[in-house]
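Colleague: structure for this input, please:
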Amino acid sequence: MEKRLRVFVYEEGDPPFVHDGPCKNLYTVEGRFILEMEFGENLFRTKDPDRAHVYFLPYSVTKMVSYLYKPHTYDVTPLQQFVSGYLEVISTKYPYWNRTLGGDHFMLACHDWGPAASTGNPYLYNTSIRVLCNANTSEGFNPRKDVSLPEIYLYDGNISPELLSVPPEDDPRPYLAFFSGGVHGSIRVLLLQHWKGQDNDLRVFEYLPKELNYYKSMIESNFCLCPSGFEVASPRIVEAIYAECVPVIISENYVLPFSDVLRWESFSVQVDVSDIPNLKKILKSVSEEEYKKLKKGVRAVKRHFVLNQPAKRYDVFHMILHSIWLRRLNVRLSRQ
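Modeller: Below you'll find the predicted structure:
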């Protein structure tokens, strides 16, 4: 891929909607990818569109929401109109969109409304490669053409120092499992109903007690519970991997990031929502040998979820491009 893949980035549009993105919040991966693709010293970008294999639409849905959305209206029409207008400019000025109806073009959005914004153009929604944190198959995410993007929450743009000093692999962790989070969505409601304050070993909190540290609690636990909220993706999955705490995925209709190449069963536990009442029994049934394999798997995949600056081989930037490359291989160009 490194030797062959070339990406053309459209230069049309102005910041903040285009060529810019968030780099210090829940949607960090969206802004960091845009900036790395546009300004990083990577091998993939080409200035010659005729040499490109894929074409990047470098707009930020998060920035659109910040500037175009009217609070409390839940009206995404302005986002859809921007996308529609942007693609009209692209398809009029260049021949590349029309020859595949967008099949070799990709957008990237971590905001929950990324899928909704993509409906501004039917071919963007149905044909293009959509790289989305909100990778929900019940809401139109198509794993054959779309890419699941990991949600990475970097408060100040960097991994927390606490997560950079994880104890050695063999150090015992005193607690079975940990979760702390608000009541966002039905899955968390069930989790809190069954386990909030019920067990000193399987620690589940709605609000983290003042005497506890969030990341330290992860590092002290063998398993980290990662239930979906209002949307399927959760930054806890990546945080758990950083903490080398085996993620426990509790979700529905969620396509896990990079699952084309990563065997999630080798470094995580997936629990059906209906099995939330049996959570402790399920985790206790994992043998010591199985747990060591899972922990080893977490350590092995950790580098694939790191946002380096500048990007490094095998990190999340390269994993995203590899996922896009795999889907581009399915696109046939018109002979026009």
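
Colleague: domain-wise, how is this structure divided?
Modeller: 7-154+308-328, 161-305 (automatic domain parsing).

Colleague: for Val18, see how far away Tyr67 is.
Modeller: Look at Tyr67 and Val18: by C-beta to C-beta, to the nearest Å, they are 12 Å apart. All C-beta atoms are positioned from the backbone trio N, CA, C, and that covers glycine.

Colleague: who has more neighbours out of the two?
Modeller: Taking other C-beta atoms under 10 Å, Tyr67 and Val18 do not tie; Val18 has more neighbours (21 against 12).

Colleague: that one contacts Tyr86, doesn't it?
Modeller: Yes: counting by C-beta atoms under 8 Å, Tyr86 is a contact partner of Val18 at 7.3 Å.

Colleague: now for the two: what residues contact both?
Modeller: 12, 59 (C-beta atoms under 8 Å, 6 or more residues apart in numbering).

Colleague: I'd say Glu30 and Asp20 touch.
Modeller: No: Glu30 lies out of contact with Asp20 (C-beta under 8 Å); the separation is 10.2 Å.

Colleague: who has more neighbours, the two?
Modeller: More crowded of Glu30 and Asp20, by other C-beta under 10 Å: Glu30, with 27 against 19.

Colleague: so how far is Ile276 from the closest residue to that one other than its chain neighbours?
Modeller: Leaving out its chain neighbours, the residue that sits closest to Glu30 by C-beta to C-beta, 6 or more residues apart in numbering is Cys110, at 4.1 Å. According to C-beta to C-beta, Cys110 stands 27 Å off from Ile276.

Colleague: circling back to that earlier point, show me the contacts for the residue nearest to Glu30.
Modeller: Here Cys110 is in contact with 26-30, 61-62, 132-133, 149, 151 (C-beta under 8 Å, 6+ apart).

Colleague: so among the residues you listed, where is pLDDT lowest?
Modeller: When those are sorted by pLDDT, the bottom entry is Leu26 at 91.

Colleague: over to the residue nearest to Phe106 when sequence neighbours are not counted: give its phi and psi.
Modeller: Spatial nearest neighbour of Phe106, chain neighbours left out: Ile129 (3.9 Å); criterion: C-beta to C-beta, 6+ apart. With angles defined as degrees, to the nearest 10, Ile129 sits at phi -80, psi 110.

Colleague: confidence score at Ile129?
Modeller: So Ile129 comes in at 98 (pLDDT).

Colleague: that one: neighbouring residues, count only.
Modeller: Ile129 has 28 nearby residues by other C-beta under 10 Å.

Colleague: ditto for Val65
Modeller: 20.

Colleague: equivalent analysis for Val246, please.
Modeller: Val246 has 25 nearby residues by other C-beta under 10 Å.

Colleague: shift numbering so it begins at 43
Modeller: Okay, using 43 as the starting number, the last item reads as Val288.

Colleague: contacting residues around it?
Modeller: So Val288 contacts 264-266, 282, 309-311, 333, 336-337, 340 (C-beta under 8 Å, 6+ apart).

Colleague: now the buried members of those.
Modeller: Neighbour counting by 16 or more other C-beta atoms under 10 Å classes 264-266, 282, 309-311, 336-337, 340 among the contacts of Val288 as buried.

Colleague: pretty sure Phe124 contacts Val103?
Modeller: No: if you go by C-beta under 8 Å, Phe124 and Val103 don't touch, sitting 9.4 Å apart.

Colleague: and these two? Which one has more around it.
Modeller: The residue with more neighbours, out of Phe124 and Val103, is Val103; 29 against 20, by other C-beta under 10 Å.

Colleague: related to what we said a few turns ago, ok, the residue nearest to Phe148 to Asn372 distance?
Modeller: Applying C-beta to C-beta to Ile171 and Asn372 gives a distance of 10 Å.

Colleague: need the residues touching each of those two.
Modeller: Shared contacts of Ile171 and Asn372, defined by C-beta under 8 Å, 6+ apart, comprise Lys187.

Colleague: before we move on, back to that, need the phi and psi values for the residue nearest to Glu72.
Modeller: Torsion angles, degrees, to the nearest 10, at Cys152: phi -100, psi -20.

Colleague: for Met149, same thing?
Modeller: According to degrees, to the nearest 10, Met149 has phi -120, psi 160.

Colleague: run a quick neighbour tally on the closest residue to it other than its chain neighbours.
Modeller: Nearest residue to Met149, sequence neighbours excluded (C-beta to C-beta, 6+ apart): Leu99, at 4.7 Å. The number of residues packed near Leu99 is 24, by other C-beta under 10 Å.
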